[in-house]
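*Asks:* quick one, structure for this:
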Amino acid sequence: MSLLFGARGAFAYLENFSAPVSFAVTDLSVSADLGRQPFSVVHRGDLTITAMPGHHGDAPAIIYRIDYRGRSVVFSGDIDAQGLPALETIAAGANLLVFDAVVLDPPRSPEVLYSLHTPPHAIGALAERSRVGALLLSHLSPAVEGAREAVIASIVSEFHGTVRFAADGMRLQP
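*Replies:* Okay, here's the model as predicted:
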């Protein structure tokens, strides 16, 4: 947090930019043991936030699930094939899965990207296995933006729920 918001951090200017900025930080373990069960990050009243380590090459990756008053949303973050079992576990039965969509189905993206990201066909299969209600694709790469119809077709060949592309300022109604 200091590297981001401290006196010499990337966003140090925010302290004087508008309203004061403060954070309550929870240190999360990003162990390579992807077989673990989700662990509780926050539990206050009707709000529960759980997390699990994902996998994104050698970079730390955390998958989050937020449950509130009978509704749930899961954020995949950048995740590759090694992280899919953890995501499938934590996303089970979620109302909404927000999934980072960076690559096209092989071989339409550079090979190295498949070691860091999940292709559309695998996204659809995971969403179906996890029984999520809807899928929202985010963190869209230019390749995905330029091939929206092919991406949707690949996903819905496996997943039978609603699929949408995220957009800045988008609001979803339950």
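
*Asks:* so H121 is in which element?
*Replies:* helix 120-130 (DSSP states H and E).

*Asks:* mind listing what's buried along that helix?
*Replies:* Neighbour-count burial for helix 120-130 flags P120, H121, A122, I123, G124, A125, L126, A127, E128, S130 (criterion: 16 or more other CB atoms under 10 Å). C-beta coordinates here come from the backbone N, C-alpha and C atoms, glycine included.

*Asks:* now tabulate those residues in a markdown table and tack on pLDDT and distance to F99.
*Replies:* Listed next are the buried residues of helix 120-130 as a markdown table, based on pLDDT from 0 to 100; distance: CB to CB, whole Å:
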| residue | pLDDT | distance to F99 |
| --- | --- | --- |
| P120 | 95 | 9 |
| H121 | 95 | 13 |
| A122 | 93 | 10 |
| I123 | 94 | 5 |
| G124 | 95 | 10 |
| A125 | 94 | 12 |
| L126 | 93 | 8 |
| A127 | 95 | 7 |
| E128 | 96 | 13 |
| S130 | 94 | 11 |
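
*Asks:* got TSV for the residues you listed, with distance to G83 too?
*Replies:* Below are the buried residues of helix 120-130 laid out as TSV (distance: CB to CB, whole Å):
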residue	distance to G83
P120	16
H121	16
A122	11
I123	12
G124	16
A125	14
L126	10
A127	15
E128	17
S130	13
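
*Asks:* list just the nearest of those to A147.
*Replies:* Proximity of the buried residues of helix 120-130 to A147 (CB to CB) peaks at P120, which lies at 9.0 Å.

*Asks:* what's the separation between the most centrally placed residue in the chain and F5?
*Replies:* The residue lying closest to the centre of the chain (CA atoms, centre = their mean) is S76, at 2.2 Å. From S76 across to F5, the span is 25 Å (CB to CB, to the nearest Å).

*Asks:* do the same with S157
*Replies:* 43 Å.

*Asks:* now F39
*Replies:* F39 is 25 Å from F5, by CB to CB.
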